[in-house]
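Asker: turn this into a structure:
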Amino acid sequence: MRVAQLVAEEGGVARGRFRAVIRRASAVVFALAISNALIACEPTESTGYPPNDTGAPAEVGKARPLELSSSEFALDMVTPAGIRVKTNGQYKTEAVSKAAALAIDRYWNEVRSCAAGVERPGDMDVRDLTDEFPRHLAVEIANNWKVVEGPTTHRRIQAFPSIARRGSWSTARRQEDALYIVVVPELNGLGPQMVNELNLWLSKNANVPPTADLVGACASVACVRFNYNNAPSQAWNECKQ
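Answerer: Predicted coordinates:
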């Protein structure tokens with residue numbers, strides 16, 4: 001099994017690819033230097049962002065709504081928190097689908113709890129927007145994933161081809177001008193991408209944009225296990241039950 005190079009990704013559509021590459025030019029140079037030394041992030045880190053990368057600027061999304069329309073996103077599941085999900089048939093039974101929905105909400109609860117700790121005290125606008133956020137988020141479960149070997153610990157993980165760097169792999173990516181995340185079925189990397197999308201939502205909609213470093217403070221969202229057979233992946237070796 002070949003060793004995979006894992007990268008963090010933004011974007012997800014052709015129109016956002018060029019902007020994303022330009023904004024991350026310095027990060028790509030750094031990542032290339034690391035890859036030459038055969039060092040790269042493991043899955044829960046591969047979808048994180050540097051502390052100064054707070055996601056898309058506030059003006060991104062003004063040309064279109066942040067929420068994907070029903071014609072753009074054909075959901076087949078909604079979590080109890082209201083997150084729309086397109087499973088692409090990756091969960092084969094109703095029991096597994098329900099477990100995945102609850103796991104997605106567990107990630108959201110972790111993100112929401114962290115965000116509550118860094119928001120301005122008494123800022124009801126941000127608090128209300130945070131509570132509203134999951135009903136606008138769309139999560140797609142990737143169906144083009146493979147089990148690859150992480151380059152540092154050599155653990156096997158689910159990952160899909162990177163759209164930012166040919167030959168690299170990602171566990172999750174987000175679209176930078178919409179509230180849309182693609183993630184592997186085992187949901188590894190979902191938490192950090194939720195943080196970035198929440199940051200985009202608040203930056204776009206809050207009466208007074210938050211000044212706290214939400215992405216930096218909440219980037220380390222622990223992975224969780226659920227009733228899904230992800231073998232032979234080893235991504236859950238250190239995840240919460």
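Asker: point out where the protein drops to low pLDDT.
Answerer: Scanning the chain for pLDDT under 70 picks out the ranges 1-64.
Asker: now do 50
Answerer: Residue ranges of the chain with pLDDT under 50: 11-63.
Asker: helices of that one, start to end?
Answerer: Secondary structure of the chain by DSSP state H: the helices cover 14-23, 25-36, 43-46, 94-118, 124-132, 190-205, 214-218.
Asker: helices or strands next to the longest one in the packing?
Answerer: Contact analysis of helix 94-118 by 3 or more CB pairs under 8 Å, 6 or more residues apart in numbering; DSSP states H and E lists strand 77-78, strand 84-86, helix 124-132, helix 190-205, helix 214-218 as its packing neighbours. For glycine as for every other residue, the C-beta is placed from the backbone atoms N, C-alpha and C.
Asker: those: which one's closest to V111?
Answerer: Nearest to V111 among the helices and strands packed on helix 94-118 is helix 190-205 (4.7 Å), distances taken as CB to CB.
Asker: show me which residues of that closest one are buried.
Answerer: The neighbour-count check on helix 190-205 (16 or more other CB atoms under 10 Å) flags 190-205 as buried.
Asker: cool, stretch 100-107 as well?
Answerer: Of all the residues in stretch 100-107, those buried under the rule 16+ other CB under 10 Å are 100-101, 103-107.
Asker: go on, stretch 209-216?
Answerer: 210, 212, 214-216.
Asker: which one of the residues you listed is nearest to W145?
Answerer: Using CB to CB, V215 comes nearest to W145 of these, at 25.0 Å.
Asker: center of the protein, which residue is that?
Answerer: A centroid search over the chain (CA atoms, centre = their mean) returns Q193, at 2.5 Å, as the residue closest to the centre.
Asker: quick check: that one vs D76, distance?
Answerer: Applying CB to CB, to the nearest Å, the value for Q193 to D76 is 20 Å.
Asker: can you check V85 too?
Answerer: 7 Å.
Asker: these two: which is more packed in?
Answerer: Per other CB atoms under 10 Å, whichever of V85 and D76 has more neighbours is V85, with 23 against 13.
Asker: what's near enough to touch the more buried one?
Answerer: Counting by CB atoms under 8 Å, 6 or more residues apart in numbering, V85 makes contact with 75-79, 100-101, 104, 138-141.
Asker: for the chain, longest strand please?
Answerer: strand 156-161 (DSSP state E).
Asker: these two touch, right, A235 and E186?
Answerer: Yes - A235 is within contact range of E186, at 5.6 Å (criterion: CB atoms under 8 Å).
Asker: of the two, who's got more company?
Answerer: More crowded of A235 and E186, by other CB under 10 Å: E186, with 28 against 25.
Asker: quick check, that one in contact with Q158.
Answerer: Yes - taking contacts as CB under 8 Å, E186 lies within contact range of Q158: 5.2 Å.
Asker: identify the contacts common to those two.
Answerer: Contacts common to E186 and Q158, judged by CB under 8 Å, 6+ apart, are 230, 233, 235.
Asker: present those as JSON lines; the columns should include distance to S162.
Answerer: Listed next are these as JSON lines, based on distance: CB to CB, whole Å:
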{"residue": "N230", "distance to S162": "20"}
{"residue": "S233", "distance to S162": "18"}
{"residue": "A235", "distance to S162": "17"}
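Asker: shouldn't A217 be in contact with A116?
Answerer: No - counting by CB under 8 Å, A217 does not reach A116; the two are 11.0 Å apart.
Asker: the more surrounded of these two?
Answerer: A217 (14 against 11).
Asker: for that one, which non-adjacent residue is spatially closest?
Answerer: V118 (4.6 Å; CB to CB, 6 or more residues apart in numbering).
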